[in-house]
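>>> sequence and predicted structure below; questions after.
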Amino acid sequence: MSLIVCAVIIASTWNLLKGSLRLSLDGVPENVDLEKVKEAALKTVGITGIHHIHVWAISTTQNALTAHIIIEEHTSLEEAQKIKGNLKHELEHQNIQHATLEIEIKINNHKC
């Protein structure tokens with residue numbers, strides 16, 4: 001009987017154990033799809049590329065992201081801030097509540 005109780009406890013807590021382990025190791029949360037994050041970034045007007053993407057859970061309900069986004073050379077500071085704001089809004093739809101975005105400028109097919 002005790003083996004059955006042990007099996008039931010292990011089976012019912014398995015997902016909690018997996019989630020806790022992923023959270024403690026700063027793994028990509030299960031509810032975030034990196035490919036969809038990339039697609040959302042590239043669909044955002046003004047962004048020509050994205051790289052160095054890191055996503056992790058900061059709690060059981062909130063996720064964070066850091067990434068480098070590439071924008072065109074002649075983008076003003078105000079336009080760059082608007083682009084970042086638009087992307088942050090899109091990322092909220094991808095289960096990312098906190099985003100830190102570093103801007104890189106694309107000059108003659110080179111990044112700076």
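That came through, no problem.
>>> surely residue 64 forms part of a strand?
Yes. Looking at residue 64 with DSSP: H, G, I helix; E, B strand; the rest coil, it is inside a strand.
>>> burial check on the closest residue to it other than its chain neighbours, number of neighbours?
Excluding the flanking residues, the one nearest residue 64 by C-beta to C-beta, 6 or more residues apart in numbering is residue 98, at 4.3 Å. C-betas here are computed from N, CA, C, even on glycine. By the measure other C-beta atoms under 10 Å, the count of residues near residue 98 is 13.
>>> quick one, what contacts residue 98?
Residue 98 makes contacts with 58, 62-65, as judged by C-beta atoms under 8 Å, 6 or more residues apart in numbering.
>>> buried subset of these?
Burial by neighbour count, judged by 16 or more other C-beta atoms under 10 Å, picks out 63-65 from the contacts of residue 98.
>>> related to what we said a few turns ago, can you lay out the contacts of residue 98 as JSON lines showing pLDDT and distance to residue 5?
JSON lines is the format used below for the contacts of residue 98 (pLDDT from 0 to 100; distance: C-beta to C-beta, whole Å):
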{"residue": "58", "pLDDT": "86", "distance to residue 5": "35"}
{"residue": "62", "pLDDT": "90", "distance to residue 5": "35"}
{"residue": "63", "pLDDT": "91", "distance to residue 5": "35"}
{"residue": "64", "pLDDT": "92", "distance to residue 5": "39"}
{"residue": "65", "pLDDT": "94", "distance to residue 5": "41"}
